[in-house]
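1. what's the 3D shape of this:
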Amino acid sequence: MAKLFYKDKPVIGLDISQTGMKVMSVDRKKWLVTGYGSIDLDPAKVQQALDGDDSYLRKNIADLVGKNLVGNLASKHVVLGVPAGRTFTRTFTVPLASEKKLREAVELEVEQYIPIPMSALYVDFEIIERSKTQLTVLMCAVPQSIVDLCINVAESVGLRVVMVESSVSAVARLLEATEEGHLPTVIVDIGPASTDIAILESSIRIAGSLNIGGNTFTLDIAKKLKVPLESAHQLKVLNGLSPGSRQQKISAALTPSLERIVTETRKVMRYYDERLSEHHKLEQVLVVGGGANVPGIGEYFTNELVMPARVASPWQQLNFGKLPQPAKQFRSRYITVAGLASVSPERIWS
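-> This is a model prediction of the structure:
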């Protein structure tokens, strides 16, 4: 959420994660996708880049914008997504009288709850709710080293970063526009290598993350059923948790990882209910991300959390015009970058 001001429009989205890099250009007035692309990354080499050698990321972003684009990008000005697992998001309240000293209150929150010195972080905050007695403040912090690295990588191909945002905030923006996200909502974003969990109520109120994702599900099935990874992936996306001859074995393989996601989701929901929610009740669970392509996963979360849950599908809102759409199995990977690309100019320059 750190803003790096350079006033121009339109903007494009750029999502850099441990497992891939995506770019997208969206005309917000028509929800028309004018260009998009993605490239897979080796997590071990991404980690090397985070440790200081960014040559791997530079090569891949050059390949992405030079060879892997479908359509065209409307701008070189980028809203950059940072993985939620690399950010620290907190919502807290302060007395109304403390508004003039809000920055000091934010610094105190950082010192108390974030295990990284303030000097090594980019920190942004905003007042998301105001009552007669108190302010509700949303704070997001991200290590400067990660932001600086991603900015340098983007600039290496002539792009200019104008805003940096947590990936889960970008997902929330798209869900608000397409999936009744105006309701108090639990977001479960299952990526390839990790899962982000957040509460959306007008804005992100709290977020958490754990290192389980769609690739974990594939490995679980491969080990349990003693099949190759390719076969395990097919069983995951074709059979999943749906009724069938192999349901019992596949469910047994997936349950331990799914239970860990449910446990973390309950913690986030409990925190919201006990500390952040005064008047509103959580009404739905939206499951997104590449790991959401498991048949029956919506019903699983409905049963475990005793709350209506479904796999979100924002594609009815996005219009690809004459461009070929991503293959169905790959569409979920573009949800974050579509959210980044749909930031309103007012949000950036306010």
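2. Which parts of the protein are strands?
-> Listed in chain order, the strands of the chain (DSSP state E) span 12-16, 20-27, 32-40, 70-71, 77-82, 88-95, 121-130, 134-143, 160-166, 185-190, 195-201, 203-210, 284-288, 309-311.
3. now the stretch 251-350 of the chain, which segments are flagged as low pLDDT?
-> Scanning the stretch 251-350 of the chain for pLDDT under 70 picks out the ranges 277-279, 346-350.
4. can you give me the helices in it?
-> 297-305, 335-341, 345-349 (DSSP state H, counting those that start in this stretch).
5. Out of the ones you listed, flag the one nearest Leu14.
-> Smallest distance to Leu14 across the helices of the stretch 251-350 of the chain (C-beta to C-beta): 6.9 Å, for helix 335-341. Where C-beta positions appear, they are placed from N, C-alpha and C, glycine not excepted.
6. Could you export the closest one as PDB, CA atoms only?
-> Output in PDB follows, covering the C-alpha atoms of helix 335-341 (Å, rounded to 0.1, in the frame of the first residue of the first chain):
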ATOM      1  CA  ILE A 335      -7.300 -12.800 -10.300                       C
ATOM      2  CA  THR A 336      -4.700 -10.900  -8.300                       C
ATOM      3  CA  VAL A 337      -3.200  -9.100 -11.300                       C
ATOM      4  CA  ALA A 338      -6.700  -8.200 -12.500                       C
ATOM      5  CA  GLY A 339      -7.400  -6.600  -9.200                       C
ATOM      6  CA  LEU A 340      -4.200  -4.600  -9.400                       C
ATOM      7  CA  ALA A 341      -5.000  -3.400 -12.900                       C
END
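7. from the chain's centre, how far out does that helix sit?
-> Distance, stretch centre to chain centre, for helix 335-341: 9 Å (C-alpha atoms, centre = their mean, to the nearest Å).
8. Can you give the contact residues for that helix?
-> For helix 335-341, contacts defined as C-beta atoms under 8 Å, 6 or more residues apart in numbering pick out 11-15, 22-26, 33, 36, 79-81, 165, 167, 169-174, 189, 288-289, 312, 314, 318.
9. what's the domain layout of the protein?
-> As given by automatic domain parsing, the domain ranges for the chain are 1-86+145-177+318-350, 180-312.
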